[in-house]
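A.B. asks: here is my input, please return the structure:
(2 chains)
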Amino acid sequence: MSYLQTAPPHDIEAHLTEHDKKSILRFITCGSVDDGKSTLIGRLLYDAKLIFEDQLANLGRIGAGNGREIDLALLFDGLEAEREQRITIDVAYRYFATGKRKFVVADTPGHEEYTRNMATGASTADLAVILIDIRQGILQQTRRHSYIASMLGIRHVVLAVNKIDLVDFRQSVFEEIAVDYMLFAKTLGFASIQPIPISARFGDNVISASKDTPWYTGPALLEYLEAVRLDPPVKERPFRFPVQLAVRPNADFRGYAGQVASGKISVGDPVVVAKSGQRSSVKAIVTFDGSLAVAAEGEAVTIVLTDEVDVSRGNMLVAPASRPFVADQLQAHVIWFGANPMLPGRSYILRTETDSVSATVTALKHQVNINSFAREAAKCLQMNEVGVCNISTQAPIAFDAYKDNRSTGNFILVDRTTNATVGAGMIDFPLRRADNVHWQATDVNKGSRAAAKGQRPRVLWFTGLSGSGKSTIANALDRLLHARGKHTYVLDGDNVRHGLNRDLGFTEADRVENIRRVAEVAKLMADAGLIVLVSLISPFRDERRMARELMEEDEFIEIFVDTPLDECARRDPKGLYEKAFAGKIANFTGVSSPYERPESAELHLETVGHEPVALALRIEQFLDRRKEGNEL
Amino acid sequence: MSHGNLQRLEAEAIYVLREVVATFSNPVMLYSIGKDSSVLLHLATKAFYPAKPPFPFLHVDTKWKFREMIEFRDRTAREVGFDLLVHVNQDGIDQGIGPFTHGSNVHTHFMKTIALRQALEKYGFDAALAGARRDEEKSRAKERIFSVRNAQHGWDPKDQRPEMWKTYNTRVGPGETMRVFPLSNWTEFDIWQYIRRENIPIVPLYFAARRPVVRRGGVLIMVDDDRMPLQPGDEITERLIRFRTLGCYPLTGAIESDAATVPDILREMLTVRTSERQSRLIDLDEAGAMEKKKREGYF
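C.D. replies: Numbers count the residues shown, from 1 in each chain, chains lettered A, B, ... in the order given. A predicted model of the protein is given here:
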């Protein structure tokens, strides 16, 4: 940390106590490329004498040859690629304090490509310093960053109109931009916007008033940051305690460790387990430094309950009078980071602070146009786009609206194959649909229907390239099973596209939806007691996994019909490869669209040199080996 | 809520420690014996209380640490009763690699970076906790709290995962591991204040005492044992010195100081004009030295 002090204090104890109690301001610098974000913070620290001597000396060494001026941006651009390209790629955190306040500043990148890193910095900030190059005015990135800051809950903005020296310190240019920004930001709901004319390069209005802008009577940047009042807590928020883990050192102790997300709790207070609604009360609040009578927002503690209730990671202890939502359907604002687009119907892992579930975007309601903030229809979200989505989770999760609680109202989306963080969500509200459409319990159930047929329901999922032999083998197996009196049905990819899925094309988004519908139909048929043979190219691992997870344990059997592309093209039963190679069919699997080979299929059938009937017999034998009792 | 700064940092670190234990199957804590490791050990004791920290501690020993560090390590492990693993790169020892003969770059690469990779692979750890802080060095200022390393332990600074709020993505693929830094947001000053508040034991080398040193290229190097080759003109003098950071003794410069207690150190820090890693020779090898080491698997 850098700390401004000229002489050591006489009373170090008193000094430290005071220092520890100073309020903290977390802020980001953002805005478009080359607006001078890194330079501004470098200038602020330099002028306030908050940079260590050896760090300054190092700047000289790296920046040699760039003239006599110190390149202050190099203080932050800590990566080699950043120094080479002279841009900021990732967010840098820097810590400093003045006599009045402590600061954590996140210097974020301006390039659209690195929006995810700007969002990373903004997600934990209280205030945004948005830079504008006075010669450029408001750019798309100014709008994008303003929108993201607002969406993430930042309430205060400093509009740092930079490079004022390049327009001869003219008041009119500054005011025009300030007015433009105020107009455009009206709908973003910031609590305060403070425009300041600055020159990051020369330090005008950075830590003290510039003599070249006598017409500006407002505070310099640092003065403002030291003085700005953050929103005082409106009222006590309800108690939320997301459980991180159970602590059980021995049979006599069982506690729940976590950090109080909001509100407070006292020994003796009643609590409710959010997901189950079970009630208990607080027996003890345990910490290493002794037991507490009360724990409040932000404290990391371990709570012991009076009753043995079922609580595990992902659940929450909450105030009985004011509970969070518990639902498996919700609406959220989602910002997309992934290089591959967000596709409705595709399965992702949804991670809240402590919970993790499979989730699907069931609908993309609209996308937000970053320039006009207008709502626009869209089929998918590309990288750096923001949209409003309906999301369905495989199991209910406990949450609040993001506007009420930033801790319990957020989530990230994780790609199931690469484990990359591909999106971040701010929950708006639960969708009531889930509450009002209850499962209708039927007296005759899956088990009794299957028993009447003398079989075990199965979903046999044939995946492979077009022309690999999926339908032929499925058909042969169907005949074998039918001859043994089994009740079967073949769901063929081509056939369903004539009816159920005739509104779908072959884009990635449509293919995902195609598979989702077929999987849901297969699930209904299995529920009816049938053995379902699904013959579908299903090129993506994610969707095959989604289908697998829809079914019961051991019900889903993935069969990889493995025929080399050359062989499929040689067989070309429908003449499709010829057209595809001629460029007449877009998104043709294996030719112009990828096929992701199964990694853990139950059966891997290499077709070259084997008759379809022989392969069908192999599947039948496999099923027989898996049978329980005399059922297939 | 009006919590003090230290209380907030402590809670954040405890939260991170618990996330690691809740989501990884075989985590380890890197224990480097320095002040940050001492703070991290203390926090681990707090995070799981009344249970003990549910992971082992790993020290990667280069065999060139200050003797007092090793004494402190063994005493602490005995007194606190934690499970201490010590790993040395035996290949490096066999090849006779050391800072005087091979230079700081080669020494650090073989005895720290490679050694760490060996140890992580030997025990199959999927997450490694360490006490690095963002204010130490400017490539560290860019790193996430949960930082993914590929199967070769490399860090890709251009493709870090977004890290939103404190909703951490703790998933790793086959072969990948996670490095986790619970003290990311602490400053050197925070560390010292916390050591004072919590009475955390630290290696005595942090406190001023008269010690034998030679001056090498403007840096004061302590003569910790007789492996130090003396050159003509080298003069061993007794000076009142202490260390701001601790590493391998030939690579760690001392500062002249009379700060003999933690409050003395805090008072000194309020007027100091140089950064703590100024005396760490390995950071100064070349521009971007730390980033390069991190990409190769160093912490």
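
A.B. asks: check contacts around residue 95.
C.D. replies: Picked chain A for this. Contacts of residue A:95 were listed using Cβ atoms under 8 Å, 6 or more residues apart in numbering or on different chains, and they are A:1, A:2, A:102, A:103, A:104, A:105, B:134, B:135, B:185, B:187. Backbone N, C-alpha and C define where each C-beta goes, glycine included.

A.B. asks: I was after chain B.
C.D. replies: With contacts defined as Cβ under 8 Å, 6+ apart, the neighbours of residue B:95 are residue B:110.

A.B. asks: how about the one 5 residues further on?
C.D. replies: Taking Cβ under 8 Å, 6+ apart, we find residue B:100 in contact with B:227, B:228, B:229, B:250.

A.B. asks: buried subset of those residues?
C.D. replies: Under a neighbour-count criterion of 16 or more other Cβ atoms under 10 Å in any protein chain shown, the subset of the contacts of residue B:100 counted as buried comprises B:228, B:250.

A.B. asks: go ahead and confirm residue A:247 touches residue A:256.
C.D. replies: Yes - with contacts defined as Cβ atoms under 8 Å, residue A:247 counts as touching residue A:256 at a distance of 7.3 Å.

A.B. asks: tell me, what's touching these two both at once?
C.D. replies: Taking Cβ under 8 Å, 6+ apart as the contact criterion, the residues that touch both residue A:247 and residue A:256 are residue A:302.

A.B. asks: of those two, who's got more company?
C.D. replies: Neighbour comparison, residue A:247 and residue A:256: the larger count goes to residue A:256, with 25 against 22 (by other Cβ atoms under 10 Å in any protein chain shown).

A.B. asks: could you list the low-pLDDT ranges of the chain?
C.D. replies: I'll assume chain A. A:1-10, A:58-69, A:232-234, A:433-442, A:627-632 (pLDDT under 70).

A.B. asks: should've been chain B
C.D. replies: Scanning chain B with the threshold set as pLDDT under 70 gives B:1-3, B:277-288, B:299.

A.B. asks: run through the helices of it in chain order.
C.D. replies: Along chain B, counting by DSSP state H, helices occupy B:5-23, B:35-47, B:67-76, B:90-94, B:99-108, B:115-123, B:188-198, B:262-269, B:289-295.

A.B. asks: give the buried residues for the fourth one.
C.D. replies: Read that as helix B:90-94. Applying a neighbour-count criterion of 16+ other Cβ under 10 Å, the buried positions in helix B:90-94 are residue B:92.

A.B. asks: other residues contacting that helix?
C.D. replies: B:63, B:110, B:111, B:114, B:115.

A.B. asks: residue B:96 - how many residues pack around it?
C.D. replies: 8.

A.B. asks: could I get the contacting residues of it?
C.D. replies: Counting by Cβ under 8 Å, 6+ apart, residue B:96 touches no other residue.

A.B. asks: confirm that residue A:621 sits in a strand.
C.D. replies: No - with the criterion set as DSSP: H, G, I helix; E, B strand; the rest coil, the secondary structure at residue A:621 is helix rather than a strand.

A.B. asks: given the longest strand along chain B, what are its sheet partners and their directions?
C.D. replies: Across chain B, the longest stretch assigned as strand under DSSP state E is strand B:209-216. Sheet pairing of strand B:209-216 (DSSP bridges) gives strand B:219-222 (antiparallel), strand B:237-242 (antiparallel).

A.B. asks: in CSV, list those along with mean neighbour count.
C.D. replies: Converted to CSV, those look like this (neighbours: other Cβ atoms under 10 Å in any protein chain shown):
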stretch, mean neighbour count
strand B:219-222, 20
strand B:237-242, 16
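
A.B. asks: CA atoms only: put the host helix or strand of residue A:26 into CSV for me.
C.D. replies: Under the criterion of DSSP states H and E, residue A:26 resides in strand A:24-31. The C-alpha atoms that make up strand A:24-31 are tabulated as CSV, following Å, rounded to 0.1, in the frame of the first residue of the first chain:
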residue,chain,number,x,y,z
ILE,A,24,-13.2,2.5,2.3
LEU,A,25,-14.1,3.5,-1.2
ARG,A,26,-13.8,0.9,-4.0
PHE,A,27,-13.8,2.5,-7.4
ILE,A,28,-13.0,1.6,-11.0
THR,A,29,-11.7,3.6,-13.9
CYS,A,30,-13.5,2.8,-17.1
GLY,A,31,-14.3,4.2,-20.5
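
A.B. asks: now residue A:105: how far from residue A:29?
C.D. replies: Computed with Cβ to Cβ, to the nearest Å, the distance linking residue A:105 and residue A:29 is 7 Å.

A.B. asks: overlap of the contact sets of those two?
C.D. replies: Between them, residue A:105 and residue A:29 share the contacting residues residue A:41, judged by Cβ under 8 Å, 6+ apart.

A.B. asks: show me what from the stretch 401-550 of chain A comes close to chain B.
C.D. replies: By Cβ under 8 Å from any Cβ of the partner chain, the part of the stretch 401-550 of chain A that sits against chain B consists of A:406, A:407, A:410, A:411, A:412, A:414, A:418, A:419, A:420, A:421, A:424.

A.B. asks: how about the residues of the stretch 151-299 of chain B near chain A?
C.D. replies: Of all the residues in the stretch 151-299 of chain B, those lying near chain A are B:157-158, B:160-167, B:169, B:171-173, B:176, B:184-185, B:187-190, B:193, B:196, B:263, B:266-271, B:273-275, B:278, B:287-288, B:291-292, going by Cβ under 8 Å from any Cβ.

A.B. asks: now which of these would you call buried?
C.D. replies: Of those, these count as buried by 16+ other Cβ under 10 Å: B:157, B:160-167, B:169, B:171-172, B:184-185, B:187-190, B:193, B:196, B:266-270, B:275, B:278, B:288, B:291-292.

A.B. asks: by contact count, what packs against the longest helix anywhere in chain A?
C.D. replies: When secondary structure is assigned using DSSP H, the longest helix within chain A turns out to be helix A:508-527. Counting contacts by 3 or more Cβ pairs under 8 Å, 6 or more residues apart in numbering or on different chains; DSSP states H and E, helix A:508-527 is packed against helix A:446-453, strand A:458-463, strand A:488-492, helix A:493-496, strand A:531-535, helix A:541-550.

A.B. asks: dump these to a markdown table, plus mean neighbour count.
C.D. replies: Shown next, in a markdown table, are the helices and strands packed on helix A:508-527 (neighbours: other Cβ under 10 Å):
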| stretch | mean neighbour count |
| --- | --- |
| helix A:446-453 | 15 |
| strand A:458-463 | 27 |
| strand A:488-492 | 18 |
| helix A:493-496 | 16 |
| strand A:531-535 | 26 |
| helix A:541-550 | 20 |
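
A.B. asks: mind checking which of those is nearest residue A:191?
C.D. replies: Of all the helices and strands packed on helix A:508-527, it is helix A:541-550 that lies closest to residue A:191, at 41.2 Å by Cβ to Cβ.

A.B. asks: buried sites along the longest strand of chain B?
C.D. replies: For strand B:209-216, a neighbour-count test (16+ other Cβ under 10 Å) marks B:211, B:213, B:214 as buried.
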